[in-house]
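K.L.:
could you work out the structure for the sequence below:
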Amino acid sequence: MIRHLIAATSAAACLALGAMAETYAVIGEKVWTGTDAGTIDDGIVIIRDGRIVTVGGPDTPVPEEATVVNAEWVTPGLISAFSRTGIVEVDAEDSTNDTSAALSPFSVSLNAADGFNPDDTAIDVTRIAGVTRIVVAPSPATNLFAGQGFVADTTGSQETALRERAFLYMSMGEGGAGLAGGSRPAAWAQLRAALDDARAYPGRYAGGGEGDVLTRRDAQALASAARGQQLILVSVRSATDLNALMDLAESDRALKFAVVGGDEAWRVADRLAALRIPVILDAFSNLPGSFDQLAATQENASRLVAAGVSIAIVNLGNDSHLARLMTQIAGNAVANGLDWDEAMKSLTVTPAKIFGLSGYGTLAVGARGDVVAWDGDPLENTSNTDAVFIDGVPQDLTSRQTELRDRYRTLDESQRPLAYVHP
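P.N.:
Residues are numbered from 1 along each chain as shown. I've put the predicted structure just below:
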């Protein structure tokens, strides 16, 4: 007899069932696959032993032993393509903030994964919003190079699967100029010298030798990126700075770049497309908050896609605690001309491609069992998740916020804390 897991089932019951069953059938009125199959009406996704084994229409057989989840929409697990979730709990409390290291002599070699805290309350909030994988980057402090970023799941488990050193993150443009001595020429000179140091490693450092700008350890850490074996995420916003980055990319085709920010990327979209440089952007950016953003527009996403540029949509406004707002931002991009399917790809398919996450971002046979069931359109601000699977395991849908909500929503007067009453 097929056991049914109704959408309103508590998270605790869902987890209990997870311990007994390893086969799940997620049935949606709409199943968005992220593949050539498109959106399937009355679709069925079968998950077994952590993998998707079947994706089909209403005639798809459901195994007798399967636990069934019913939803309005079913999608792949969302991937936040840029965040600082899990490496900062309270911004102003140094003991919980591992985003940067202003006093460290190291830069490129700083490994953000060493500071990851799976107990960070923001992880639960992010998971409940349908985000199953997060790309986490450190922040630059006194150097162009912030360090090594990583990819993590959002289970909140101490055994969280981390893909360490997934990319190098650095800042150029206005931000990089300030970190490199006060001008853009200084920033580009420092970057080129650092690449030279890395390419010359270890020879330049043999016998106690020194690099032009990098310590031995940082040169070793940059070597992979300098030789085109590691992705470099570059924070850059203006069209002028984007062109400078593309000049470097053209001079050394081995280098692998992705842009973070790109507020004026639409102005150089054709060149970005030709060089196949993806842009990780915040589609809310539409005001000149700095001289790097004078041409910012909410049509940035739609214009880039029309030109053939791969985009991933993120929330850069609060990338530590509110990465989940990526769906709301993607919805606004749709309101400003971006195709709905392209918006969904920017939250799933494209981030997986940018970071080489094979088996993620789609609902396809053989893909990892990161699946989300929704009670409405995923890009609609009022929609919520009914169930979230990570590697085929149903996840807890509670957080500190939901527990506080439930505690005080049902509290009667006799349970309220004592308060001072003026006589």
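K.L.:
domain-wise, how is this structure divided?
P.N.:
Domain assignment for the chain by automatic domain parsing gives 3-76+373-407, 78-360.
K.L.:
how far off centre is the last one?
P.N.:
This means domain 78-360. 10 Å (Cα atoms, centre = their mean, to the nearest Å).
K.L.:
ends of it, how far apart?
P.N.:
End-to-end distance for domain 78-360, by Cα to Cα, to the nearest Å: 9 Å.
K.L.:
check contacts around the one residue sitting closest to the centre of the chain.
P.N.:
For the chain, residue 80 is the residue whose C-alpha lies nearest the centre (Cα atoms, centre = their mean; 1.9 Å). Contacts were defined as Cβ atoms under 8 Å, 6 or more residues apart in numbering; by that measure residue 80 touches 126, 131, 133-135, 314, 323-324, 326, 351. C-beta: built from backbone N, CA, C; applies to glycine.
K.L.:
ditto for residue 40
P.N.:
Shown here is residue 40, whose contacts under the criterion Cβ under 8 Å, 6+ apart are 30-31, 33, 55-57.
K.L.:
tell me which helix or strand it sits in.
P.N.:
Element membership for residue 40, per DSSP states H and E: strand 39-48.
K.L.:
please work out the average pLDDT along that strand.
P.N.:
Averaged across strand 39-48, the pLDDT comes to 98.
K.L.:
and stretch 274-293, by the same measure?
P.N.:
Stretch 274-293 comes out with an average pLDDT of 93.
K.L.:
can you check stretch 363-372 too?
P.N.:
If you average the pLDDT over stretch 363-372, you get 98.
K.L.:
on the three-state scheme, residue 195 is what?
P.N.:
Under DSSP: H, G, I helix; E, B strand; the rest coil, residue 195 falls in the helix class.
K.L.:
out of the contacts of residue 40, which is most surrounded?
P.N.:
In terms of neighbours by other Cβ atoms under 10 Å, the contacts of residue 40 top out with residue 31 at 26 neighbours.
K.L.:
beta partners for the closest residue to that one other than its chain neighbours?
P.N.:
In this structure, residue 31 finds its nearest non-sequential neighbour in residue 43, 2.9 Å apart by Cβ to Cβ, 6 or more residues apart in numbering. In this entry, residue 43 is beta-bridged to residue 28, by DSSP bridges.
K.L.:
nearest to residue 213, of the contacts of residue 40?
P.N.:
Proximity of the contacts of residue 40 to residue 213 (Cβ to Cβ) peaks at residue 33, which lies at 46.9 Å.
K.L.:
so who does the residue nearest to that closest one when sequence neighbours are not counted touch?
P.N.:
Spatial nearest neighbour of residue 33, chain neighbours left out: residue 363 (4.3 Å); criterion: Cβ to Cβ, 6+ apart. For residue 363, the contact set (Cβ under 8 Å, 6+ apart) comprises 31-35, 45, 52, 55, 74-76, 371.
K.L.:
low-confidence ranges, the stretch 1-150 of the chain, go.
P.N.:
Judged by pLDDT under 70, the stretch 1-150 of the chain has its weakly predicted residues at 1-21.
K.L.:
circling back to that earlier point, please identify the most buried of the domains of the chain.
P.N.:
Comparing the domains of the chain by mean neighbour count (mean count of other Cβ atoms under 10 Å), domain 78-360 comes out on top with a mean of 20.
K.L.:
name the helix or strand for the residue nearest to the centre of the chain, please.
P.N.:
Under the criterion of DSSP H and E, residue 80 resides in strand 78-83.
K.L.:
each with direction, which strands does that strand pair with?
P.N.:
Sheet pairing of strand 78-83 (DSSP bridges) gives strand 131-136 (parallel).
K.L.:
just for the stretch 301-423 of the chain, where's the confidence low?
P.N.:
By pLDDT under 70, the low-scoring segments of the stretch 301-423 of the chain are 413, 415-423.
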